[in-house]
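> Need the 3D shape of this:
(one chain, ligands or ions: 1)
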Amino acid sequence: MVDWFLVACVLGGAMSFVGLCFLGTCVCVLLFLALIRFVIVPLDCDAVLKFHELFGKQPESLKGKVVWITGASSGIGAALAVRLARAGARLALSARSVEKLISVKQHCLGTGGVTEEQVVVVPLDLVQYDQHQAAFNTVLHHFGELDVLVNNAGRSQRGCWEEIHLDVDKELFEVDVFSTIALSRLVCKYFLEQGRCGHFAITSSVAGKFGVPMSGSYTAAKHALHVSIGCPALHQGGRWQCTS
Ligand SMILES: NC(=O)c1ccc[n+]([C@@H]2O[C@H](COP(=O)([O-])OP(=O)(O)OC[C@H]3O[C@@H](n4cnc5c(N)ncnc54)[C@H](OP(=O)(O)O)[C@@H]3O)[C@@H](O)[C@H]2O)c1
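Residues are numbered from 1 along each chain as shown. Next comes the predicted model:
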């Protein structure tokens with residue numbers, strides 16, 4: 001298939017050659033299109049996130065820090081755990097599936113960046129709110145401190161908006177929103193009491209920023225997270241940045 005940028009170059013060159021536009025204008029337009037074609041389009045994230053990936057702090061800056069990751073038994077949470085283990089962060093891994101968490105822990109140990117003691121499995125069903133404090137105590141008891149909470153656990157949903165059963169909305173909000181808020185509040189109080197410069201991260205989604213077809217409940221849940229966690233971060237004088 002012919003690259004659309006190549007077509008634009010040929011068209012632009014021909015137009016400036018026959019005098020339909022100035023060469024300078026043509027070059028500016030083509031440079032702008034080149035930026036889209038070779039920089040923006042190939043990105044698998046938004047430009048701000050890419051900028052931070054290239055020029056911001058690297059995961060190695062978290063060496064020795066205690067990072068608690070929810071939803072660490074699979075997908076993004078598991079991959080993040082392994083990457084941070086390689087960087088030497090001390091990790092608490094939470095999810096419901098204990099076997100999967102143990103397997104992720106083994107992968108973390110396999111990186112050589114952490115020792116057995118530096119990765120702890122903390123089983124937690126996030127919608128069991130009364131388990132949050134006990135799980136947090138386990139993390140604190142093991143490491144004596146916490147630096148970062150990564151709220152990554154989440155569920156998704158697909159379906160025609162008018163056909164979605166309200167129970168689906170409720171269940172999704174329980175995991176994606178309310179449990180995240182509840183756990184973050186616990187940790188936020190700890191950060192404030194300790195006078196620590198703690199960090200929260202949330203695995204949101206492009207759905208939470210722009211909305212996604214057939215994902216009404218999911219879009220609403222992720223959007224709610226941005227608003228709910230963003231407000232107190234600003235109120236406490238913290239910094240809130242939303243990338244996808
Ligand atoms: N994959 C994508 O394309 C994508 C894009 C944008 C955003 N995200 C977001 O990224 C996050 C991770 O997604 P993923 O794709 O990596 O999905 P995933 O592989 O299904 O991981 C979801 C994680 O959440 C955990 N979890 C689910 N319900 C839980 C509960 N009640 N209590 C505790 N843990 C629970 C699961 O563990 P257990 O089942 O063992 O409990 C699992 O570890 C989600 O918040 C998702 O919305 C994903």
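
> For residue 145, which non-adjacent residue is spatially closest?
Using Cβ to Cβ, 6 or more residues apart in numbering and skipping the chain neighbours, the partner closest in space to residue 145 is residue 66 (5.6 Å). Placement of C-beta: from N, CA and C, glycine included.

> Model confidence for the one you found, exactly?
At residue 66, the pLDDT value in this model is 98.

> Check the gap between it and residue 217 for me.
Taking Cβ to Cβ, to the nearest Å as the criterion, residue 66 is separated from residue 217 by 33 Å.

> sorry, back to before: in the sheet, who's paired with the residue nearest to residue 145?
When assigned by DSSP bridges, residue 66 has beta-bridge partners residue 90.

> and it, how many neighbours?
With neighbours defined by other Cβ atoms under 10 Å, the count for residue 66 comes to 22.

> isn't it right next to residue 146, touching?
Yes - applying Cβ atoms under 8 Å as the test, residue 66 and residue 146 come out as touching, 5.1 Å apart.

> Show me whatever sits in contact with both of those two.
Taking Cβ atoms under 8 Å, 6 or more residues apart in numbering as the contact criterion, the common neighbours of residue 66 and residue 146 are 92, 139.

> who's in contact with the residue most central in space within the chain?
The centre of the chain sits closest to residue 203, judged by Cα atoms, centre = their mean, with a distance of 2.9 Å. For residue 203, the residues meeting the contact criterion (Cβ under 8 Å, 6+ apart) are 71, 76, 77, 150, 151, 152, 154.

> So for stretch 103-111, mean pLDDT?
The model assigns stretch 103-111 a mean pLDDT of 98.

> Show me what counts as buried in that stretch.
When burial is assessed from 16 or more other Cβ atoms under 10 Å, stretch 103-111 yields the following buried residues: 104, 105, 108, 109.

> cool, stretch 6-20 as well?
If you call a residue buried by 16+ other Cβ under 10 Å, then stretch 6-20 has these buried ones: 8, 12, 15, 16.

> Could you list the contact residues of this structure toward the ligand?
Those residues of the chain that sit near the ligand, judged by Cβ under 6 Å from any ligand atom, are 70-77, 95-97, 100, 124-127, 152-156, 175, 203, 205.

> Just the buried residues out of these, in ChimeraX syntax.
Of the residues of the chain next to the ligand, the buried ones go into a single ChimeraX selection, burial set by 16+ other Cβ under 10 Å:
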select :70,71,72,73,77,95,100,124,126,152,153,154,175,203,205
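
> Can you flag which of the residues of the chain next to the ligand belong to strands?
Members of those lying in strands (criterion: DSSP state E): residue 70.

> where are the low-confidence patches of this structure?
Residue ranges of the chain with pLDDT under 70: 232-244.

> try 80 this time
Low-confidence segments of the chain, defined by pLDDT under 80: 1-2, 20-21, 44, 46, 230-244.

> Show me the domain layout of it.
By the record's domain assignment, the chain is partitioned as 4-42, 57-235 (automatic domain parsing).

> Tell me which of these sits most buried.
Ranked by average neighbour count under the criterion mean count of other Cβ atoms under 10 Å, these are headed by domain 57-235 at a mean of 17.

> distance between that one and the chain's centre?
Mean-position distance between domain 57-235 and its chain equals 9 Å (Cα atoms, centre = their mean, to the nearest Å).

> Show me the strands in the protein, by range?
Counting by DSSP E, residue ranges of the strands within the chain are 66-70, 90-94, 119-121, 148-151, 199-202.

> Can you spell out which helices and strands pack onto the third one?
I take that to be strand 119-121. Helices and strands touching strand 119-121, as assessed by 3 or more Cβ pairs under 8 Å, 6 or more residues apart in numbering; DSSP states H and E, comprise strand 90-94, helix 98-110, helix 132-143.
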